[in-house]
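Participant: Pasting the sequence and the predicted coordinates here, then a few questions.
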Amino acid sequence: MFDIFLLEAVINGVLLGGVLALLALGLNLVFGVIDVVWICYAELVMVGMYTIWWLFVHYGVPLPIAIAAAIALVSLCGVALHQLVIRPVLGTPPINQLLVTGGVLFFMQAAATLAFGVEFRNLGLRMPIVEVSDMFFSFARILAFGTALVGVLVLWLFLTRTYLGTAIRAISQDREIMPLMGVDPRKIYLTTSAIGGGMAGVAASLLALQYDVHPAIGLSFGPITFMICVLGGLGNMAGGFIAAFVFAQFISVGGFYFQIEWGYVLAFAFFIVMMFVKPQGLFSR
Amino acid sequence: MSEPRAMPLVPLLGVAALAAVPFAGLGNYHLHLLINILIWGFIYTAWSIMGRFGMVSLGHGAFLGVGAYVVTLLWNTAGLTPWIGIPIALVLAMILALVIGYPCFRFRIVGHYFALVTLALGEVVRLTIVALRDRTGGSLGMTVEGVAGGTSLLALQFGERGTFFYVALAAWLFGLWVWRIVDRSMLRYALEAASEDEDASASIGVNVTRAKLAITMLSAAMTALGGALYAQYQLYINPETVSGIGISLQIVFAVIAGGMYVQLGPTVGAVITLLLAETLRVTVGHDVHGLDGTIYGLLLVLFIIYMPQGISGYAVATWKRRRTGPPQAPTPRAVAAR
């Protein structure tokens, strides 16, 4: 039986998958190369969203410039995060690295509360709704979906077609040998952090178009982003990309049949089950 | 805890002093602080019982949530006394720990992956609570139905803070006692070996899966008990404050600040975090939201970088060095050595 609302849910799920894939991209890159999970990744996205909101609403900066500024700033945040927080603990047990970024999460969340208060802020933009034969889709989501595809493509081209990209892939494969080959891992790590931060900035600009920003927004996006990366195989970008769409279908279709929270519960439960079936991720070799 | 033998008097005196606290004419506010420290100190101890062996759970909010909500739901909807509700909640928390723990330990999910699986578990419980909003009130939270007069042993509700203080004190002492039992058991050696090298310890006859499961279920049950006590004390619970990623991280970080390798470390963590929050609240007031969290977050980062064994671990190491020269016992490993 054909159900147009179900189809709408499925397509919305695909679009949501684009947003999630974009979110997961930067985190996955950082993990793949530096081998550190930025628990505060979603908070970097929040920084980007606040930057856009602040520039756009308070100073009337045109949106594209505000977005560019946000991407640059978050990219810098990524570099600062690596330089100030990650580097001192690089030699310690991996769980310390995960926890130290958790401290940053607390810090950023509270600092955002301090600076902007707990209110929900939005850009005050009304994005058009696209109607296709009685189904309604958010234009912002379509935009995010498209950007995610372009983002994956650009990142892939960068990683496979440029010298720097090749060095990044090489160092993620063998941390000991590459320094001997004349690649400076510190430089690579910084570049990766900058790109990872930049990706968070890109995700922020697309999220800012469709969601209100508030200090706790990271907590609503963070867990799902980690799950996606783990499900796809931490560091495996193609896997993460596909996992994002799988998750989004759970949320969207689960939300269609029950409630949106049940959609999330299903997605997380699916994640837990998958961890037991394939601990190294869905697409492990 | 390797306390020198000549010192059993000190803990006894400490407990006696604590037991006398309600008679010291403290105001309600200070008593409230102390009760909070004891309850959270107990919960943090429960976390550390497994956390010290390198099993870093970012999902203890799940067990906290089960403890708080199961007991409250049974009381509010079925009128079942917490005296029966709490054991039910503990059993449920242990089943949850078993269901999640068995495959995790069987398939060697450790480190990052374990942390992320438990994080998902915490979210599942939080979202389930929110989704069952018809019964739980969703994100608005729910109030534990009060009894007439405010005090009833059957309902485990005590209008007098002084009375609840003893309940919290008992729980906290129980937590320390369990810590001590574990610390002196074979389980501890098995788990320490497993946290260093799973294959090697399995090859000398340690049943790694069973040892890890035992400690996880113990930790889960204690955390659920802490959640239930928290609900009985506050008489109001909310999915955000008893479950989910926020509270789970708070547990981990308070323990890291206090130190998870020393018996009193988690309690030190509870003292520090609560005092910090309260001091800032009193000095800067309610208007400046987020200041305490900002400082707290900054401190955590500094702790993990410069003092990964926490305040108490650092203090003990310094004290030992001063007494006996170079430390004979290996100093506490950094959080979760592999």
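Facilitator: Yep, it's here.
Participant: which sections of the stretch 1-150 of chain A are below the confidence cut-off?
Facilitator: Applying pLDDT under 70 to the stretch 1-150 of chain A flags the ranges A:1-2, A:127, A:134.
Participant: Now do the strands in it.
Facilitator: Secondary structure of the stretch 1-150 of chain A, counting by DSSP state E, counting those that start in this stretch: strands at A:129-132, A:135-138.
Participant: tell me the most buried of those?
Facilitator: strand A:135-138 (a mean of 15; mean count of other C-beta atoms under 10 Å in any protein chain shown). C-beta coordinates here come from the backbone N, C-alpha and C atoms, glycine included.
Participant: Look through the chain and tell me its longest helix.
Facilitator: Assuming you mean chain A. helix A:4-34 (DSSP state H).
Participant: Switch to chain B, please.
Facilitator: helix B:208-234.
Participant: In the stretch 151-300 of chain B, mark out all the helices, start to finish.
Facilitator: B:161-183, B:186-196, B:198-203, B:208-234, B:239-242, B:245-258, B:265-284, B:291-306 (DSSP state H, counting those that start in this stretch).
Participant: and chain A, which of these is closest to it?
Facilitator: Smallest distance to chain A across these (C-beta to the nearest C-beta): 2.6 Å, for helix B:291-306.
Participant: residues contacting B:Ile267?
Facilitator: Rather than Ile, residue B:267 is Thr. By C-beta atoms under 8 Å, 6 or more residues apart in numbering or on different chains, B:Thr267 lies in contact with B:37, B:41, B:44-45, B:172, B:176, B:258.
Participant: got it, and B:Asp134?
Facilitator: Counted by C-beta under 8 Å, 6+ apart, B:Asp134 has zero contacts.
Participant: quick one: it from chain A, how far?
Facilitator: Separation of B:Asp134 from chain A (C-beta to the nearest C-beta, to the nearest Å) stands at 11 Å.
Participant: ok, and that residue, which helix or strand is that part of?
Facilitator: Following DSSP states H and E, the helix or strand that holds B:Asp134 is helix B:133-136.
Participant: Next secondary structure after that helix?
Facilitator: With elements assigned by DSSP H and E, the helix or strand that comes after helix B:133-136 is strand B:142-143.
Participant: Show me the contact partners of that next one.
Facilitator: So strand B:142-143 is in contact with B:69, B:72, B:76, B:136, B:235-238, going by C-beta under 8 Å, 6+ apart.
Participant: Run through the residues that contact A:Phe258.
Facilitator: B:Ala131.
Participant: Just the buried residues of the contacts of strand B:142-143.
Facilitator: Among the contacts of strand B:142-143, those buried by neighbour count (16 or more other C-beta atoms under 10 Å in any protein chain shown) are B:69, B:72, B:76, B:136, B:237-238.
Participant: Please list the residues of the stretch 151-285 of chain A that sit near chain B.
Facilitator: Applying C-beta under 8 Å from any C-beta of the partner chain, we find that the stretch 151-285 of chain A lies next to chain B at A:215-216, A:219, A:222-223, A:226-227, A:230, A:234, A:258-259, A:261-262, A:264-265, A:268-269, A:271-272, A:275-276, A:279.
Participant: So which of those residues belong to helices?
Facilitator: Among these, the members found in helices (DSSP H) are A:219, A:222-223, A:226-227, A:230, A:261-262, A:264-265, A:268-269, A:271-272, A:275-276.
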